[in-house]
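Student: Here is my input, please return the structure:
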Amino acid sequence: MTDSSLVSSGRRVSGMITVPEFKKIKSLVVQKSQVQDLEEKANRGYEALKVFFETEKLACISEVAEGYENLRDSLFVLTGRAKFLRWERTMAEATFLDRYILQYVVGSTGMEAFAGDLRHYHQFQQLFSTTQELERIREPHDTLSPMIIQNELPYYSHVPIVAAFIKGYRTDLVVKAMDDIRERYPMPFGAGK
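Tutor: Below is the predicted model:
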């Protein structure tokens, strides 16, 4: 047995206990490098989404879309093309990947809904820029996070909730929900937040 196989299996090497480089969750085997890849892609999508919400520039959408498409593709590979958006959140596999699936659902839904609203807003402004100014009124929602975090329904059930907050022009609460997800669900393997 080589040293690398001992390290990857999490066994004792020369009197030291090593941290396993993979976890088996039911039928899902996840390597630490795959989790690090998910984290990097989730971070890229999150940062691009914040810029998109702050600047309200449609030019930013490609970077946000790319970030969340890459995250989705990695989740598909990791789950063996499972329909993870239909998973019940109480499943062991879902619990392990909650941090990334929730960020994908909230981030990609927020991006799509906000882009659609911005397109309509810009079209309205072009048509009526000299005669009327459109006022965007924020809906009086308090918080989105508990609706996302405490909801144990399948992930796809969050889509209309997030879309409603975007329609109410509450991008601030979508970003707050993303922050709360990142805080509530630490990175698997105990590496970072």
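
Student: and K23, which of the three is it?
Tutor: Look at K23: counting by DSSP: H, G, I helix; E, B strand; the rest coil, its state is strand.

Student: Who does it form a beta bridge with?
Tutor: V30 (DSSP bridges).

Student: Check whether it really touches A92, as I assumed.
Tutor: No. With contacts counted by CB atoms under 8 Å, K23 stays clear of A92, the gap being 10.5 Å. Any C-beta I mention is one placed from the backbone N, CA and C, and that applies to glycine too.

Student: Where do the strands of the protein begin and end?
Tutor: Along the chain, counting by DSSP state E, strands occupy 12-13, 16-17, 22-25, 28-31.

Student: For the ones you listed, which has the smallest mean pLDDT value?
Tutor: For these, mean pLDDT drops lowest on strand 12-13, to a mean of 48.

Student: Check which residues of stretch 88-97 are buried.
Tutor: 89, 93-94, 96-97 (16 or more other CB atoms under 10 Å).

Student: and which of the residues you listed is nearest to H141?
Tutor: Nearest to H141, judged by CB to CB, of those is R89 at 22.2 Å.

Student: any idea how far that closest one is from Y156?
Tutor: 11 Å (CB to CB, to the nearest Å).

Student: before we move on, what about T109?
Tutor: Counting by CB to CB - T109 and Y156 are separated by 10 Å.

Student: ok so, going back, so which of the buried residues of stretch 88-97 are in helices?
Tutor: Mapping the buried residues of stretch 88-97 onto helices (DSSP state H) picks out 93-94, 96-97.

Student: Need the max-distance pair from the residues you listed.
Tutor: Pairwise across these, and taking CB to CB, the largest span is found between A94 and F96, at 7.3 Å.

Student: Tell me the buried residues in stretch 101-110?
Tutor: For stretch 101-110, a neighbour-count test (16+ other CB under 10 Å) marks 101-110 as buried.

Student: Looking at those, which one is closest to L71?
Tutor: Comparing the buried residues of stretch 101-110 against L71 with CB to CB places Y104 closest, at 5.1 Å.

Student: who's in contact with the closest one?
Tutor: 42, 45, 68, 71-72, 75 (CB atoms under 8 Å, 6 or more residues apart in numbering).

Student: Export those residues to JSON lines and append columns for neighbour count, distance to D142 and pLDDT.
Tutor: Listed next are these as JSON lines, based on neighbours: other CB atoms under 10 Å; distance: CB to CB, whole Å; pLDDT from 0 to 100:
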{"residue": "A42", "neighbour count": "27", "distance to D142": "26", "pLDDT": "96"}
{"residue": "G45", "neighbour count": "26", "distance to D142": "25", "pLDDT": "96"}
{"residue": "Y68", "neighbour count": "26", "distance to D142": "26", "pLDDT": "96"}
{"residue": "L71", "neighbour count": "26", "distance to D142": "28", "pLDDT": "97"}
{"residue": "R72", "neighbour count": "19", "distance to D142": "30", "pLDDT": "96"}
{"residue": "L75", "neighbour count": "21", "distance to D142": "30", "pLDDT": "96"}
